[in-house]
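Student: build me a model:
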Amino acid sequence: MMNIYQEEYQKYILIHTPFMKRMVQNLFSLFALSIASALVFYFISRYIVRKVKLYIKDREYGEYHKLENTKTQNLTKVV
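Tutor: Okay, the predicted model is just below:
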């Protein structure tokens with residue numbers, strides 16, 4: 001079969017080969033994909049941690065900001 005239909009045979013082998021087996025055969029692709037996925041995971045997790053910290057800080061100082069806003073509004077009314 002390989003001698004007669006070489007292109008179809010290569011496509012068949014490529015389609016039916018597991019993804020990780022193909023990646024192990026091509027080490028450059030494996031390392032590139034691993035590094036790219038690690039970077040994406042790092043930046044997404046950093047973004048999530050930042051949002052959580054900001055949310056916690058806003059909850060913590062929410063009353064303080066409300067008091068400051070009312071104080072400045074009262075000062076502007078007096079002037």
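Student: now this protein, which segments are flagged as low pLDDT?
Tutor: 1-4, 62, 65, 73-79 (pLDDT under 70).
Student: let's see it at 90
Tutor: Applying pLDDT under 90 to the chain flags the ranges 1-30, 33, 55-79.
Student: and the longest helix for it?
Tutor: Ranked by residue count, the top helix of the chain under DSSP state H comes out as helix 27-60.
Student: buried ones in that one?
Tutor: Across helix 27-60, burial judged by 16 or more other CB atoms under 10 Å covers no residue at all. (Glycine included, C-beta is placed from N, CA and C.)
Student: quick one: list the elements packing against that helix.
Tutor: For helix 27-60, the elements it packs on are helix 19-25, judged by 3 or more CB pairs under 8 Å, 6 or more residues apart in numbering; DSSP states H and E.
Student: using PDB, list the CA coordinates for the helix it packs on.
Tutor: In PDB, the C-alpha atoms belonging to helix 19-25 read as follows (Å, rounded to 0.1, in the frame of the first residue of the first chain):
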ATOM      1  CA  PHE A  19      -0.700  13.700  19.300                       C
ATOM      2  CA  MET A  20       1.900  13.100  22.000                       C
ATOM      3  CA  LYS A  21       3.700  10.500  19.900                       C
ATOM      4  CA  ARG A  22       4.000  13.000  17.000                       C
ATOM      5  CA  MET A  23       5.300  15.700  19.500                       C
ATOM      6  CA  VAL A  24       7.900  13.400  20.900                       C
ATOM      7  CA  GLN A  25       9.100  12.700  17.400                       C
END
